[in-house]
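Peer 1: pasting the sequence and the predicted model now:
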Amino acid sequence: MPSTFGTALRVQIFGQSHSPAIGCVMEGLPSGFHVDLQELQRFMDRRAPGHNAWSTPRKEADAPNIVGGLNERGETCGTPLAALIRNANVRSGDYDEIRRVPRPGHADYAAWEKWGNSHDIRGGGHFSARLTAPLCVAGGIALQVLKERGVRIAAHVSQVGQAVDEPFCALDNTPSSLQKLRRQMDTLRSGQDRGEFPTIDPNAGEEMRQVIDLARQDQDSVGGAIECVATGLPAGVGGPRYDGIQGSVARIVFGIPAVKGLEFGAGFAVAGMRGSQNNDSFELRDGKPCPRTNNAGGSLGGISSGAPILFRMAVKPTPSIGLAQDSVDLVSSEPATLHVRGRHDPCVAARAVPIAEAALALALLDSWLAYPPAKA
């Protein structure tokens, strides 16, 4: 089962939802960088389950234990960095029924066809969103490296059901718009520090919470979307075509369970535009060419343009719901009705916000290390 990504910065994710531990190995980190473990834990706390009213009641500390890759001063030392997260709060008995009756919308059936009874079905095994915890360990470290280089990354829940948040001001690349974008990012950061729902507009966040609560009461789930942005990345980072920034982001993002859609910049709206509307005209700013708008989402030909990197990802409703669902018994080959047990998020969008930030950080740092600007 391939679980490794990256070119210069290579990351491997390992473990299963109910295995003794999950973790990651990072190769290619610049040596001599001091990792702030307290800052990393604060980032992990934003993804951790069971800490708010809109997530699964499964509680895990998500405290990463760095077992290699740092010297006695807490700096990267050139060797692979390895981190472990212990799984403590598991209830494997909740998954006895789905060993033979697959959950609609989940990977149970596909995994059964591929590996048969050898697949670890407990909690979804390696397909579980639990594996986004080590992804966030790696991404949280990448965020710190990028921050030292002047890159800031932020994300928010842009939609839950029909409730929508104020969008990032990142499709316009004028100085005034960039100032507003920085204010939006600051608002998100201060709200996240207080444990608030991750929206720019708190009224939109309250509406989304009500939508999630209604789905929970109905023993159902609801989908959502996350918008993520990075500022401060210089022009010239990344490689063309298959090693481009968009491809690097997509490779990581589509490894996140529940993600079903991805768009950059103006996204699918470009299908209704003319070239004169979509093209980002250039102007001189401080003596350098700069896009006036940002329909491209900060990437041209797979290489950064100097404008903010902007993407949105759509996540489907959680497949594991309390309502009875039609399925089949894989052993007896007879129809079956499935009543899912276990502890599941009624909406994964809120907890996916730091995951989106981690994914973008890993993609950008890998692109910068593998394909730096010629003038760097």
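Peer 2: Noted; the coordinates are in hand.

Peer 1: beyond the helix or strand bottoming out on mean pLDDT in the chain, next helix or strand please.
Peer 2: When the helices and strands of the chain are scored by mean pLDDT, DSSP states H and E, helix 108-115 comes last with a mean of 84. As assigned by DSSP states H and E, the chain's next helix or strand after helix 108-115 is helix 132-148.

Peer 1: can you list the buried residues in that next one?
Peer 2: 132-146 (16 or more other C-beta atoms under 10 Å). Yep, even glycine has a C-beta here, placed from its N, CA and C like the rest.

Peer 1: and of these, the nearest to Gln210?
Peer 2: Set against Gln210, the nearest of the buried residues of helix 132-148 by C-beta to C-beta is Thr132 (25.5 Å).

Peer 1: grab the nearest non-local neighbour of Asp218.
Peer 2: Leu323 (7.7 Å; C-beta to C-beta, 6 or more residues apart in numbering).

Peer 1: what's the nearest residue to Pro257 if we skip its chain neighbours?
Peer 2: That would be Ala129: by C-beta to C-beta, 6+ apart, it lies 4.7 Å from Pro257.

Peer 1: no, scratch that, I was asking about Asp108
Peer 2: Pro102 (3.6 Å).

Peer 1: name the helix or strand for that neighbour, please.
Peer 2: Pro102 belongs to no helix or strand, assigned by DSSP H and E.

Peer 1: cool, and Val11?
Peer 2: Judged by DSSP H and E, Val11 forms part of strand 10-14.

Peer 1: same for that strand, what does it pack against?
Peer 2: Packing contacts for strand 10-14, counted by 3 or more C-beta pairs under 8 Å, 6 or more residues apart in numbering; DSSP states H and E, involve strand 4-5, strand 21-27, helix 132-148.

Peer 1: after the last one, which helix or strand is next?
Peer 2: Past helix 132-148, heading to the C-terminal end, the next element that is a helix or strand (DSSP H and E) is strand 152-160.

Peer 1: show me what that following strand pairs with in its sheet, parallel or antiparallel.
Peer 2: strand 163-164 (antiparallel), strand 224-231 (antiparallel) (DSSP bridges).

Peer 1: residues contacting the residue of the chain most remote from its centre?
Peer 2: In the chain, counting by C-alpha atoms, centre = their mean, Ser332 sits farthest out from the average C-alpha position, at 38.4 Å. Ser332 sits next to Arg100 when contact means C-beta atoms under 8 Å, 6 or more residues apart in numbering.

Peer 1: distance check, the closest residue to Arg122 other than its chain neighbours against Pro291.
Peer 2: Nearest residue to Arg122 in three dimensions, chain neighbours excluded: His18, at 3.8 Å (C-beta to C-beta, 6+ apart). Between His18 and Pro291 the distance, using C-beta to C-beta, to the nearest Å, works out to 48 Å.

Peer 1: in the stretch 201-350 of the chain, which spans are helices?
Peer 2: 202-217, 245-253, 275-278 (DSSP state H, counting those that start in this stretch).

Peer 1: how much does the longest one deviate in direction from strand 152-160?
Peer 2: To tie it back to what came earlier, the one meant is helix 202-217. 50 degrees (axes from the mean of the first three to the mean of the last three C-alpha atoms, to 10 degrees).

Peer 1: now tell me what touches helix 202-217 from outside.
Peer 2: With C-beta under 8 Å, 6+ apart as the test, helix 202-217 has contacts from 53-54, 157, 160-166, 191, 196-199, 221-222, 224, 317, 346-347, 349-350.

Peer 1: so which of those residues sit within strands?
Peer 2: 157, 160, 163-164, 224 (DSSP state E).

Peer 1: now those in CSV, with neighbour count and pLDDT?
Peer 2: Below are the ones in strands among the contacts of helix 202-217 laid out as CSV (neighbours: other C-beta atoms under 10 Å; pLDDT from 0 to 100):
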residue, neighbour count, pLDDT
Val157, 28, 97
Val160, 28, 97
Ala163, 21, 97
Val164, 16, 98
Gly224, 25, 97
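
Peer 1: nearest to Val259, out of those: which one, please.
Peer 2: Closest to Val259, out of all of the ones in strands among the contacts of helix 202-217 and judged by C-beta to C-beta, is Gly224, at 11.0 Å.

Peer 1: and for that closest one, nearest residue in space, chain neighbours not counted?
Peer 2: Nearest one to Gly224, counting by C-beta to C-beta, 6+ apart, is Ala349 at 2.8 Å.

Peer 1: any stretches of the chain with poor pLDDT?
Peer 2: By pLDDT under 70, the low-scoring segments of the chain are 1, 49-60, 89-97, 123-125, 342-343, 376.

Peer 1: what about 80?
Peer 2: 1-2, 17, 19, 48-61, 88-99, 116-127, 341-344, 375-376 (pLDDT under 80).

Peer 1: just give the number of residues close to the closest residue to Ser177 other than its chain neighbours.
Peer 2: In this structure, Ser177 finds its nearest non-sequential neighbour in Cys169, 4.9 Å apart by C-beta to C-beta, 6+ apart. Cys169 has 22 neighbours, counted by other C-beta atoms under 10 Å.
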